[in-house]
Each structure stands twice: as C-alpha cells, then as structure tokens.
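Asker: test case, fold it:
(chains A, B, C and D)
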Protein chains: 2
Amino acid sequence: MSSLKSKILIVATDLFQTRGINSTGVDTIVAVAGTTKMTLYKYFTSKENLILEVLEKGHQDFQSWLSEKLNSNAKKPSEKLQKLFEFIEEWVTSPNFRGMGFIKASAEFPNEESPVHQLSSEQSRQFRQYISSLATEANIQDADGLALQLSLIFEGAVQAEQMKRGSGAMKYAKKAAKILIDSSLTN
Amino acid sequence: MSSLKSKILIVATDLFQTRGINSTGVDTIVAVAGTTKMTLYKYFTSKENLILEVLEKGHQDFQSWLSEKLNSNAKKPSEKLQKLFEFIEEWVTSPNFRGMGFIKASAEFPNEESPVHQLSSEQSRQFRQYISSLATEANIQDADGLALQLSLIFEGAVQAEQMKRGSGAMKYAKKAAKILIDSSLTN
DNA sequence: TCTTATATATACAGGTCTGTATATAGATTT
DNA sequence: AAATCTATATACAGACCTGTATATATAAGA
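Answerer: Sure, this is the predicted structure:
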C-alpha cells in the first residue's frame, strides 16, 4: 500500500474518532495529512469509500490482535472468556489505540440503507458472534444470550472510555462481565 | 403551548429517531408537519434550539413516567431496583414510544462543545445518578458502580431495540440486570 | 368594515461540502 | 533529452442546508 494512502487512512481514523465522521471534511483530512484532494480521490473513490476502509482496517486490526492474544494466553475456553475484557482493556488503553469506529458509526449513520451503517452493524454482529463461539466452546447453555449481554457492556464501556478517558467504565464493565460469566458457567 | 409548536415537536422527534438528526432537514420537518419554515422559526429560534427542546421533552417525559411508576408500584428500595428494567421495557414497547434521543444524540454530535452533545451527556449522567440513588437507598455498597453497569446495559439495549425491534436485547438486558443487582445485594 | 395577528407560499442569500477540471511541478525511465 | 508517472495547487460546479425576506391569505376582534 502506498505511503500516502496509509497516511490518509491514519489521519482520517484519528479525525473521525475525535471530531466525528460527518463533521470532518475531506479538506481537513488532506490538510492534516499534508496532501491534496486530488491524491485522496486517486486512492479512494469517494469519502464514503474512505470511511468504509477506515472501519474495515480498524475492525480487522482489533479482531486479529484479540484472537491472537486469546489463543496464545489462554488454553481452556472458559479462560478465554474470563480474559476477554482484560485484553479489550489492554487494547483500548494502548498508546496507539485509535478508537473503535464500528461502535459509533451506526449511530452517526442511522439510515439503514447507508453502507456505513450496514458495515458498522455487521462488524458489531461479527464481534458478538465471536464471543458467542467462545461461550459455546466453554459449554455455556445460552451462548448467544451471554454474548449479547457481554457485547452490550463492552460496546457501552468502550464508547464511554472513548468519550471520556478515566471514566471508570472499563473497570466496572470488567466486574460485570466476570459476574455474568461466572453465573453462566455454574448453570 | 401552541398546537402547531407541539405538532412540530412530535414530527421532529419521530424523524430524528428514524432518519437521524443531521440527515433530517427543517424542510422535511415542516413538510411532514404540514406547515412552513416561517412558522417553525417563529416557535424555535434555530434548528439547534428545536433539537434541544426535543431532547428535553423526551427526557422529562421518560423520567417523570418512570419515577411515578416506581413510586406507586414498589415500596422497598430494593424492589424499585428490581423492577427498574421491567418498567423501562414497558416504556420502550409502549405504542407511543418515540425513542430515547439522549442515548444516540451524543454519538451524532461528538464535538464536546456542541450544546446538543452537552445536553445529551447531562441527561445520561442524570439517569445514572437516579439509578445510583435507588441503589444507595437499597443499601448497596458501591452504588455508583452498579449504576454505571446498569446504565451501560440499559442504554445499549434500548439503542439495540430502537435500531431493530425484537432483537431480544431488552430481554437479556433484564436478565443481566437481575444478576448484577442480586450480586450487589448479597455483598 | 377595518385592523391586527397568525399562517402560508416562495424565493433567495450565504454557507458548507463533495467531487472534478485545469494547469503545473518534480522525479523516474527510456 | 524526451516522455511518463505521480503529486501539487487551485479553482469551481453542483448539491444541500439553514435562516431570512417578501408578498399573500385567512380569520378573528374592535
């Protein structure tokens, strides 16, 4: 990938995260990235295309980091569930954390026909599905139910931490997750 | 309050809910409400002012309905906590439910200096504070912590139900809340 | 009937934003 | 040196949106 293209992607990710997607114009993006609109539109067919690539890259980076981390640091399936929020916190508090676009994007693009809304929803669904598969491996009865509960807590906490660092949301989300997981395991 | 003004408020609430705030122009609002821009700008100084009034009315209606419901249907403080999500579900599934603006608005207006963002955040904080006061009355140790956990689950579930009716989010949110409350009460 | 208040109809100014057109500069290859 | 590829600089068309200006209609009260 071209150096300019990845520079644009990084800058766009940061600006979308801090100022919101709709309130960030392409002029601002190219100005911060130190290039011009002509170059941006060479690598991305439209602003929407840029948004989609930003979301895709963010989700891929997170998912691959997380599953690698879980696979190498936890053997038993129940262990993976337990450590899930530990690693999510590690990801969110890491210095190069650039936000988790898919959590907010569907709220900024409420129209269900919007490709951005659709991708964002799909990514949420995929993450929930991943948690559900972990729960299934851990022999939990209602795996989908637990996955739904955990993803509600997780997405809310990440969004809270994104909006206000040190809100304590992640800390209490971890505690709640532990209680819910333990409760599901003993059933 | 003028009949036209309240008509505009209702229509705006619905459109903001279904299409999003930013993607709903004032032209659309007045067209659906069967009036004109001149009238809208007589009752509201700006579109932002209209948004703020929509948010305020929604929050007030919900809060006063909820506390009245809790006060008349539950005696013991711990009962109120237990029944909280029952009533929230009743509110959300009631036929005249028009969405809960304050949950999504801060995501659609990420700029912290935006009055809409500020009001939305303040309303979230007030609701969390209300849950915390219920928890305190029920002699729960870490009332703020439980309130944070419950509001994460609640806001996520309502948003999920808003976006997709019958997603089951509310059902599992209730279950999770019960587990967390019970766990807090026995400590 | 005359006046006054309220609502309508419509046009438009002024701003923002996306995406493209045009012209130019630098660098690499042939 | 000529040609080609990549990036810059800048201007601008076209769309959309908010908020206002202007002219007209309608209804009620004095």
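Asker: residue contacts, the nearest residue to A:Ala135 once chain neighbours are set aside?
Answerer: Nearest residue to A:Ala135 in three dimensions, chain neighbours excluded: A:Ala143, at 3.7 Å (C-beta to C-beta, 6 or more residues apart in numbering or on different chains). Quick note: C-beta positions are derived from backbone N, CA and C, even for glycine. Neighbour list for A:Ala143: A:132-133, A:135-136 [criterion: C-beta atoms under 8 Å, 6 or more residues apart in numbering or on different chains].
Asker: again, but for A:Met100
Answerer: Contacts for A:Met100 (C-beta under 8 Å, 6+ apart) come out as A:58, A:62, A:92, A:158, A:162.
Asker: so for it, what's the pLDDT?
Answerer: The predicted local confidence for A:Met100 comes out at a pLDDT of 90.
Asker: so A:Phe62 versus A:Asn22, what's the distance?
Answerer: As for A:Phe62, its distance to A:Asn22 is 23 Å (criterion: C-beta to C-beta, to the nearest Å).
Asker: more crowded one of those two?
Answerer: Taking other C-beta atoms under 10 Å in any protein chain shown, A:Phe62 and A:Asn22 do not tie; A:Phe62 has more neighbours (20 against 16).
Asker: ok, that one to DNA strand C distance?
Answerer: Note on A:Phe62: its distance to DNA strand C, by C-beta to the nearest atom of the strand, to the nearest Å, is 25 Å.
Asker: hang on, that residue packs against A:Trp91?
Answerer: Yes - judged on C-beta atoms under 8 Å, A:Phe62 makes contact with A:Trp91 at a distance of 6.5 Å.
Asker: now do the buried residues in stretch A:52-72.
Answerer: A:52-55, A:57-59, A:62, A:66, A:69-70 (16 or more other C-beta atoms under 10 Å in any protein chain shown).
Asker: farthest pair within those residues?
Answerer: A:Leu52 and A:Leu70 (26.8 Å; C-beta to C-beta).
Asker: re the thing from before, in helices only, show me the contacts of A:Met100.
Answerer: A:58, A:62, A:92, A:158, A:162 (DSSP state H).
Asker: could you say what helices and strands the host helix or strand of A:His117 packs with?
Answerer: Using DSSP states H and E, A:His117 maps to helix A:115-137. Applying 3 or more C-beta pairs under 8 Å, 6 or more residues apart in numbering or on different chains; DSSP states H and E, one finds that helix A:115-137 contacts helix A:47-73, helix A:77-93, helix A:101-108, helix A:143-163.
Asker: what lies in contact with the shortest one?
Answerer: The list of residues contacting helix A:101-108 from outside it, by C-beta under 8 Å, 6+ apart, reads A:13, A:16-17, A:20-22, A:51, A:54-55, A:58-59, A:116-117, A:119-121, A:123-124, A:127, A:155, A:158-159, A:162, B:20, B:22, B:104, B:107-108, B:110, B:159, B:163.
Asker: who in chain A is up against DNA strand D?
Answerer: Contact residues (C-beta under 7 Å from any atom of the strand) of chain A with DNA strand D: A:2, A:4, A:34-39, A:42.
Asker: which of those residues scores worst on pLDDT?
Answerer: A:Ser2 (88).
Asker: and that residue, how many neighbours?
Answerer: 10.
Asker: what do you get for A:Lys75?
Answerer: 9.
Asker: what residues are up against it?
Answerer: For A:Lys75, the contact set (C-beta under 8 Å, 6+ apart) is empty.
Asker: what about it, distance to A:Gln63?
Answerer: 20 Å.
Asker: now swap in A:Ile29 and tell me
Answerer: A:Ile29 is 25 Å from A:Gln63, by C-beta to C-beta.
Asker: thinking again about what came up before, pLDDT check: weakest of the ones in helices among the contacts of A:Met100?
Answerer: For these, the weakest pLDDT value sits at A:Gln162, with 85.
Asker: how many residues are close by that residue?
Answerer: 20.
Asker: what's the nearest residue to it once chain neighbours are set aside sitting at in phi/psi?
Answerer: Computed as C-beta to C-beta, 6+ apart, the closest residue to A:Gln162 that is not its neighbour in sequence is A:Gly99, at 5.7 Å. A:Gly99 adopts backbone torsions of phi 90, psi 160, taken as degrees, to the nearest 10.
Asker: A:Gly99 contacts A:Thr13, correct?
Answerer: Yes - using C-beta under 8 Å, A:Gly99 is in contact with A:Thr13, at 7.0 Å.
Asker: who touches both of these two?
Answerer: In contact with both A:Gly99 and A:Thr13: A:Gly58, using C-beta under 8 Å, 6+ apart.
Asker: anything in the helix or strand of chain A with the lowest mean pLDDT near DNA strand C?
Answerer: Of all helical and strand segments in chain A, the minimum by mean pLDDT, DSSP states H and E falls on helix A:101-108, at a mean of 88. No - using C-beta under 7 Å from any atom of the strand, helix A:101-108 never reaches DNA strand C; the gap is at least 12.8 Å.
Asker: may I have that helix exported as CSV, CA atoms only?
Answerer: The C-alpha trace of helix A:101-108 is given here as CSV (Å, rounded to 0.1, in the frame of the first residue of the first chain):
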residue,chain,number,x,y,z
GLY,A,101,-15.2,3.1,14.8
PHE,A,102,-17.8,0.4,14.4
ILE,A,103,-19.3,1.2,17.8
LYS,A,104,-20.3,4.8,17.0
ALA,A,105,-20.6,4.7,13.2
SER,A,106,-24.1,3.2,13.1
ALA,A,107,-25.3,5.9,15.4
GLU,A,108,-23.8,8.6,13.2
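Asker: distance from the chain centre to that helix, please.
Answerer: How far helix A:101-108 lies from its chain's middle: 9 Å, per C-alpha atoms, centre = their mean, to the nearest Å.
Asker: which residue packs closest to A:Gly156, ignoring adjacent ones?
Answerer: Distances taken as C-beta to C-beta, 6+ apart place B:Leu152 nearest to A:Gly156, at 3.7 Å, with adjacent residues excluded.
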